[in-house]
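Novice: Sequence and predicted structure below; questions after.
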Amino acid sequence: MRVRDVDILIVPGWTRNSDDHWQSRWAKHLSTARIVEQDDWDRPTRSAWVPRIIAAAKAATRPVVLVAHSCGVAAVAHAASELARLGVAGAFLVAPPDFENRAPIEAFMRDAGPGVAFPETLAPLPTDRLPFPSKLIGSSTDPYCSVERAQELGAAWGSDVSIIAGAGHINTASGHGPWPEGLLTFGLFLRSLG
């Protein structure tokens with residue numbers, strides 16, 4: 001598949017992304033991409049985020065490929081069974097969060113300021129095999145998910161897993177604004193879908 005053959009649904013994580021984040025850049029530059037908007041980016045809940053992803057997939061006119069980051073990965077995992085019924089072709093999952101290791105996530109909340117709430121209803125992460133092909137990309141230095149946990153999630157979900165050395169949370173703060181290597185990897189993933 002190529003970009004023009006699919007609807008790319010970009011699912012940001014907690015507190016959304018800056019304009020410099022690779023997901024925001026992809027949404028601007030990939031002709032068939034759009035961001036799945038949420039009403040409240042600071043208080044992610046399964047009951048709010050999952051239906052938004054499902055509604056965006058229902059509105060698609062081509063096969064859907066999801067591009068999720070952080071808490072967006074968790075929301076996609078929770079929506080997976082319904083998304084499969086809607087013909088989702090695949091999911092590109094970057095920097096999944098490990099909700100079972102709360103300390104770094106709680107530190108993020110303190111730094112983010114008042115109004116940011118722990119995504120209780122997105123935890124725990126589902127561990128059922130995803131009903132569509134997926135590529136999971138983790139980092140050896142992600143403060144929110146260890147390499148072991150990323151590999152464990154990838155194995156449970158049936159994902160092709162890659163771990164990037166020293167990439168932090170694969171976001172703007174870790175130097176992944178444009179992230180050309182990610183775009184290349186995404187292109188290869190699209191091609192693998194047929």
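Specialist: Sure thing, it's come through.

Novice: what sits against the nearest residue to E82 once chain neighbours are set aside?
Specialist: Nearest residue to E82, sequence neighbours excluded (C-beta to C-beta, 6 or more residues apart in numbering): I54, at 5.3 Å. Backbone N, C-alpha and C define where each C-beta goes, glycine included. For I54, the contact set (C-beta atoms under 8 Å, 6 or more residues apart in numbering) comprises 79, 82-83, 86.

Novice: list the buried ones in the helix or strand of the chain with the lowest mean pLDDT?
Specialist: When each helix and strand of the chain is scored by mean pLDDT, DSSP states H and E, helix 102-112 comes last, with a mean of 78. By neighbour count on 16 or more other C-beta atoms under 10 Å, the buried set for helix 102-112 is 105, 108-109.

Novice: Not counting its neighbours along the chain, what's nearest A56?
Specialist: A56's closest residue in space is V36 (C-beta to C-beta, 6+ apart), at 4.6 Å.

Novice: What pLDDT does the model give the one you found?
Specialist: For V36, the model assigns a pLDDT of 98.

Novice: Could you do A79 as well?
Specialist: Here, the pLDDT recorded for A79 equals 98.

Novice: again, but for the one 4 residues further on
Specialist: At L83 the predicted local distance difference test score is 97.

Novice: That's all I had, so thanks and see you.
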